[in-house]
Every structure is written in C-alpha cells, then in structure tokens.
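[1] Here is my input; please provide its structure:
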Amino acid sequence: MDHQLVLDLVAGGVFTILKVAAPPLIMGLSIGILVSIFQAVTSIQEQTLAFVPKIAGVFLSLVIWGDWMLTQLESYMSEVFWALREIM
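    Below you'll find the predicted structure:
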C-alpha cells in the first residue's frame with residue numbers, strides 16, 4: 001500500500017471530521033456565549049439554564065445541516081472505497 005495514499009486518506013478523514021463537527025459545535029458555542037452574557041447581566045447562576053439551550057441548539061443544527069453533513073461523510077467514504085478498489 002502506498003504511504004502517500006494512506007496519508008491522503010487520513011488527512012481527508014480529519015478534514016471531513018472537522019467540517020462535519022463544525023456546525024453543531026459553533027451553534028453550541030454561540031448559544032453558550034449568549035446564555036453566559038444573559039446570566040451575567042441578570043445575575044442568574046442556574047446551571048441548567050446554560051445546558052438546555054445548548055442541547056436544543058445542537059439538535060436544531062443537526063436538523064438544519066444534517067443533510068449536508070451526511071453528504072460530506074458519504075463523499076469521503078466513496079473516496080475511501082475507490083482508493084481501496086484501486087489498491088486491490
């Protein structure tokens with residue numbers, strides 16, 4: 001097996017993971033910042049107040065970007081299978 005092919009597949013996998021994980025992580029981060037600002041302004045320090053909106057935002061991002069995320073994963077797996085087919 002060619003070492004460059006393996007390195008390309010691993011690099012592609014890492015990049016795909018970063019692309020697919022970015023929308024839910026960014027949504028959770030932005031909601032967390034907004035809730036933290038709200039808690040600082042109102043002096044409410046309830047921990048569940050930060051947790052529930054983050055979970056709802058992550059689920060919403062999965063609904064919104066789920067099709068795109070699945071397409072990205074499908075594209076990468078297709079690339080992996082074509083690379084394995086060339087080797088054999």
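
[2] residues contacting the residue nearest the centre of the chain?
    Nearest to the mean C-alpha position of the chain, by Cα atoms, centre = their mean, lies residue 21 at 0.9 Å. Residues near residue 21 by Cβ atoms under 8 Å, 6 or more residues apart in numbering: none. C-beta: built from backbone N, CA, C; applies to glycine.

[3] okay, it: pLDDT?
    pLDDT for residue 21: 97.

[4] How about the one 10 residues further on?
    Residue 31 is assigned a predicted lDDT (pLDDT) of 95.

[5] Give me the distance between the closest residue to it other than its chain neighbours and residue 30.
    Nearest residue to residue 31, sequence neighbours excluded (Cβ to Cβ, 6 or more residues apart in numbering): residue 57, at 4.2 Å. Distance, residue 57 to residue 30, by Cβ to Cβ, to the nearest Å: 8 Å.

[6] between the two, who's got more neighbours?
    Higher neighbour count among residue 57 and residue 30: residue 57, with 20 against 12, using other Cβ atoms under 10 Å.

[7] what's the helix or strand the more buried one falls within packed up against?
    Secondary structure from DSSP states H and E places residue 57 in helix 47-87. Counting contacts by 3 or more Cβ pairs under 8 Å, 6 or more residues apart in numbering; DSSP states H and E, helix 47-87 packs against helix 3-42.

[8] now the helix it packs on, how far from the centre of its chain.
    Offset of helix 3-42 from its chain centre (Cα atoms, centre = their mean, to the nearest Å): 5 Å.

[9] before we move on, back to that, could you tell me which residues make contact with the residue nearest to residue 31?
    Neighbouring residues of residue 57 by Cβ under 8 Å, 6+ apart: 27, 28, 30, 31.

[10] can we see that at 7 Å?
    By Cβ atoms under 7 Å, 6 or more residues apart in numbering, residue 57 lies in contact with 27, 28, 31.
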